[in-house]
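A.B. asks: Okay, here's the prediction I keep looking at, along with the sequence it came from:
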Amino acid sequence: MPKVRTRFAPSPTGYLHIGSLRTALYAYLIAKQANGQFVLRLEDTDAKRFVAGAAEAVYNGLKWVGLQYDEGPDIGGQFAPYVQSRRLDLYKKHAQELIDKDLAYYCFCDAKTLEEMKAEQTAKKQAPKYDRRCLSLSKDAVEVKLQQKEPCVIRMKIPEGRIIEVNDLVRGKVSYKSEELDDQVILKSDGYPTYHLAVVVDDHLMTITHVTRTEEWLPSTPKHILLYEYFGWKSPQWAHLPLLLNTDKTKMSKRKGDVAVEDYIKKGYLPEAMVNYLAFLGWNPGTEKEIYSMEELLKDFSLERVHKAGAVFNIEKLNWYNSYYIKQLSIEKLTELCLSYLPPLHKGGQEGLNYKKIIALEQERLQTISEIGEHIAFFFKLPTYDKSLLKWKEMTDEEIKKSLESSKQIISDTPDNEFTKEKLSKLLIAKASEFKNKGELLWPLRVALSGQKNSPPPFDIAEILGKKESLERIQKAIEKLTA
């Protein structure tokens, strides 16, 4: 039995799509479960769409989530090169082989002719496809045109009266009538192959055993099966994965949210969260278990449990995963990750503050690492807020003022060497029990210290701010009420 070999073969035409990363993850899991190889190949035969830096985006995205490929453009391998634009002679050779076998033919129709053909077929409500007019050219006529260097492409010849079956590991058996297929262009006039020829030649020569790609490529698969047959090669196993969808069930696109992996990296999503989330976009283990490490995915993942329907990309669910993994980080690691999103610490009045202590306080509330700057800004500068924010339920301004005076007195009387959140919590909660509701003491105090509707408990904030800054902020709140 041949060793399992899978591949991820994106086009370097821009950013690495989040859906492509899901496809790569599944291919990686299939290979590594069987102690096989995972190969990276760049399909750059569309020169017009090439984008500088796109290859690096692919390398970086895969490495970010830990999908280490065994062979690829930047590391080499026994089937190099792994970039299609450097394999053009191979495609020309194989296209010529099909010409020689009378399984492909030259087509000299120009763009205008093809457009007129399509318009005429559309008007007759026929499926647009090439009408094979160049198939009837004699060998001599073809030779003359080639000698005159007339622009041409090479088309594969689709057989008549055939049923082509795709045995898909996700979708089961899918059948196509050959009459539904077009005589696909396999080699363009510029000498570059189309996807259809290049993918078949490369997958065969690189001994790929399992092809994973999204369902939009399923209608092309019968053409690929025919090409394998024409060359006398064994087809790989096919697995066509569900598309990623927006919440409105449309195909996931840039217009409706971030689709580039680098966007998620910049926003501070953790690779462990992304892997866990993407695994569930199309696959379900059949249990209630939702948290999976890469090691657990390698143990439990199977194509048999990949569903056919499109998978909705839900950012709230991704945030839930990311929040979970942030909570698992050590405070040292979390601080290290947060630093790139924060300015250097200011000295002077805030000299006693340290990021590790503040970040530890915020760890439970973070959904992404990039939120840290917004979350902790109030520690360094009290934001402007309206006095109405100080109000707890039906309290009057006078009642709020008395509440703040009580808090101020407790904080002032607490010795510096005992100024901890534990001590402050004990003193303030004891005092709060004297009010009709504890919120009448704790809410105005928390707002006075943070200037925010949502923030950590006031004892934690006060400990980090220190006595002097805490008293100054409470006094400012009192002044708001008396202004």
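C.D. replies: Alright, I've got the coordinates.
A.B. asks: CA only for contacts and neighbour counts going forward, please
C.D. replies: Noted.
A.B. asks: Next, the contact list for residue 356, please.
C.D. replies: Contacts were defined as Cα atoms under 8 Å, 6 or more residues apart in numbering; by that measure residue 356 touches 331, 332, 335.
A.B. asks: from these, which is closest to residue 157?
C.D. replies: Using Cα to Cα, residue 335 comes nearest to residue 157 of the contacts of residue 356, at 61.4 Å.
A.B. asks: Next, count neighbours for the closest one.
C.D. replies: By the other Cα atoms under 10 Å criterion, the neighbourhood of residue 335 contains 20 residues.
A.B. asks: What does the residue lying closest to it once chain neighbours are set aside show for phi and psi?
C.D. replies: Here the nearest residue to residue 335 in space, its sequence neighbours aside, is residue 356; by Cα to Cα, 6 or more residues apart in numbering that works out to 5.8 Å. For residue 356, the backbone dihedrals are phi -60, psi -40 (criterion: degrees, to the nearest 10).
A.B. asks: and residue 356, how far is that from residue 363?
C.D. replies: According to Cα to Cα, to the nearest Å, residue 356 and residue 363 sit 10 Å apart.
A.B. asks: Low-confidence regions, the stretch 1-150 of the chain specifically.
C.D. replies: Under the criterion of pLDDT under 70, the regions of the stretch 1-150 of the chain flagged as low confidence span 1.
A.B. asks: thinking again about what came up before, present the contacts of residue 356 as a markdown table; the columns should include pLDDT and secondary structure.
C.D. replies: Output for the contacts of residue 356, formatted as a markdown table (pLDDT from 0 to 100; DSSP: H, G, I helix; E, B strand; the rest coil):
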| residue | pLDDT | secondary structure |
| --- | --- | --- |
| 331 | 95 | helix |
| 332 | 95 | helix |
| 335 | 94 | helix |
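A.B. asks: pretty sure residue 384 contacts residue 450?
C.D. replies: No - contact criterion Cα atoms under 8 Å: residue 384 and residue 450 do not qualify, at 9.9 Å.
A.B. asks: more crowded one of these two?
C.D. replies: Under the criterion of other Cα under 10 Å, the comparison of residue 384 against residue 450 puts residue 450 first, with 29 against 10.
A.B. asks: if I pick the more buried one, what's in contact with it?
C.D. replies: Shown here is residue 450, whose contacts under the criterion Cα under 8 Å, 6+ apart are 378, 379, 382, 383, 461.
A.B. asks: Now the phi/psi pair for the closest residue to residue 241 other than its chain neighbours, please.
C.D. replies: What sits nearest to residue 241 in space, not counting adjacent residues and going by Cα to Cα, 6+ apart, is residue 214, at 4.4 Å. For residue 214, the backbone dihedrals are phi -80, psi 160 (criterion: degrees, to the nearest 10).
A.B. asks: gap between the residue nearest to residue 233 when sequence neighbours are not counted and residue 221?
C.D. replies: Using Cα to Cα, 6+ apart and skipping the chain neighbours, the partner closest in space to residue 233 is residue 204 (7.5 Å). Shown here: residue 204 relative to residue 221, a distance of 14 Å by Cα to Cα.
A.B. asks: what do you get for residue 178?
C.D. replies: Taking Cα to Cα as the measure, residue 178 and residue 221 are separated by 12 Å.
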